[in-house]
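Q: After the sequence you'll find the predicted model.
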Amino acid sequence: MEKPILKWELIGISFIIIAGGALHFVFELSGGWRPLAVIAAVNESVWEHLKLGFWPALIYFIGECFYIRKASDNFFFAKAIGILLIPVTIIVLFYAYTAFMEDMLAIDLTIFVAAVVIGQLTGYKILKILPLPGWANGVGIALLVLMTAAFSTLTYHALEWPIFQDPAGGGYGIP
């Protein structure tokens, strides 16, 4: 079953990158339709760009539940860690490089792709290891619920922290 799992994770990389790229433009193309703000970027803040990796990864995870969930005893934990690594990697790499140089689109795009690859392949590695303790999947489910709650609400109720600030307009959340 190892090859089908790897195939799913590799297809997931492409899906997340393509869907995330599309979500960058959906809110603006919709004319600012507020319900889309849950999943689509509403401004150029770091937070809004994190959603571009999170939501496609979560949607892909839901699809995987139907096809490969039973292939690993660590499924929920593996997927939660993989999904969590996408925004964490983006945050760490973005703030690391912008501490030394100007923000550059090519680097931002490379970071996004690298974050998706790291998240998906880490999830794959965890899927393959020996079964973790039973509580690990409970932790995974809790992480998925917490991330979903955060990404569902913090665009509408953005905190006045730098990660939520739109560098173009200076505002927070929905313009």
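A: Now that the structure is in, tell me what you want to look at.
Q: tell me the mean pLDDT for the helix ranked longest in the chain?
A: Longest helix in the chain, counting residues (DSSP state H): helix 2-29. Averaging pLDDT along helix 2-29 gives 93.
Q: show me where pLDDT drops low in this structure?
A: Within the chain, the stretches with pLDDT under 70 are 1-2.
Q: What number of residues are in the vicinity of residue 156?
A: When neighbours are counted by other Cβ atoms under 10 Å, residue 156 registers 12. C-beta coordinates here come from the backbone N, C-alpha and C atoms, glycine included.
Q: do residue 30 as well
A: By other Cβ under 10 Å, 13 other residues sit near residue 30.
Q: about what we covered before: centre of the chain versus the longest helix of the chain, how much separation?
A: Put simply, helix 2-29 sits 10 Å off its chain's centre (Cα atoms, centre = their mean, to the nearest Å).
Q: all helices of this structure, in order?
A: Remark: helices assigned in the chain by DSSP H are 2-29, 46-67, 75-98, 105-128, 135-153.
Q: follow-up on the earlier one: which elements pack onto the longest helix of the chain?
A: Applying 3 or more Cβ pairs under 8 Å, 6 or more residues apart in numbering; DSSP states H and E, one finds that helix 2-29 contacts helix 46-67, helix 105-128.
Q: Can you lay out these as JSON lines showing mean neighbour count and distance to residue 86?
A: Formatted as JSON lines, those follow (neighbours: other Cβ atoms under 10 Å; distance: least, Cβ to Cβ, whole Å):
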{"stretch": "helix 46-67", "mean neighbour count": "20", "distance to residue 86": "4"}
{"stretch": "helix 105-128", "mean neighbour count": "19", "distance to residue 86": "4"}
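Q: No further queries at this time; thank you.
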